[in-house]
Every structure is written in structure tokens, then in C-alpha cells.
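1. Give me coordinates for this.
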Amino acid sequence: MHSAGVGHSGKTTGNSEGGGISATGHIRGWEIGARVNCYVGPDGKDIIEVYLTSGSHGCKGDILVGGFAEP
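-> Okay, the predicted model is just below:
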């Protein structure tokens, strides 16, 4: 088993159409990582999506692990 180095995080923020804040972060090694998106949905409630990624190598598509919405 080898130890993967940690790549830098790609983090972006902005405003959504509803006036809320949106943010994305990607924490990754070379072969595996996780991306989290947080934004305001059309109904005005916060939504968080978590994806498994193929890391910095980026050879495969992202897989949605889970989605969470404000109650």
C-alpha cells in the first residue's frame, strides 16, 4: 500500500440565483478524493451534495455518495 500525497483543495464560492451563498470544495489524493457542493435550492433551502472522485488523476467520473437538504 502506498501513501498518496494530498492535493490542494479547489474551493469556490459565489452567489446563487436566490441570493444565497454557494460553495464547492475538493479534497483529494492522486487516486481518490471527495467533492462537496453546498448551494441554495429552488425552494430556498440549503442543499449539500457529497461526491466520491478519482482524485487529482481524474480518470473516472464522480459518484454521488449522498445528498442532504435542509428540513
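
2. For stretch 53-69, the averaged confidence score.
-> If you average the pLDDT over stretch 53-69, you get 91.

3. By mean pLDDT, which helix or strand of this protein comes out lowest?
-> Least confident helix or strand of the chain, by mean pLDDT, DSSP states H and E, is strand 10-15 with a mean of 53.

4. what's the next secondary structure element after that strand?
-> Remark: after strand 10-15, the chain's next helix or strand is strand 21-28, criterion DSSP states H and E.

5. List the buried residues in the helix or strand following that following strand.
-> For strand 21-28, the following helix or strand on the C-terminal side (DSSP H and E) is strand 33-40. By 16 or more other CB atoms under 10 Å, the buried positions in strand 33-40 come out as Gly33, Arg35, Asn37, Cys38, Tyr39, Val40. No exception for glycine: its C-beta is placed from N, CA and C like everyone else's.

6. so the fifth one bridges to which residues?
-> When you say that, I think you mean Tyr39. Under DSSP bridges, the beta-bridge partners of Tyr39 are Ile47.

7. For Asp43, see how far away Ile63 is.
-> To Asp43, Ile63 is 26 Å away according to CB to CB, to the nearest Å.

8. What pLDDT is listed against Arg28?
-> Confidence for Arg28, expressed as pLDDT, is 92.

9. May I have the phi/psi pair for the nearest residue to it once chain neighbours are set aside?
-> The shortest distance from Arg28 to any non-neighbouring residue, by CB to CB, 6 or more residues apart in numbering, is to Gly55 (4.2 Å). According to degrees, to the nearest 10, the main-chain angles of Gly55 amount to phi 70, psi -160.

10. Tell me the spacing between Gly55 and Val40.
-> Applying CB to CB, the value for Gly55 to Val40 is 28 Å.

11. sorry, back to before: out of the buried residues of strand 33-40, who's nearest Ile47?
-> Tyr39 (5.7 Å; CB to CB).
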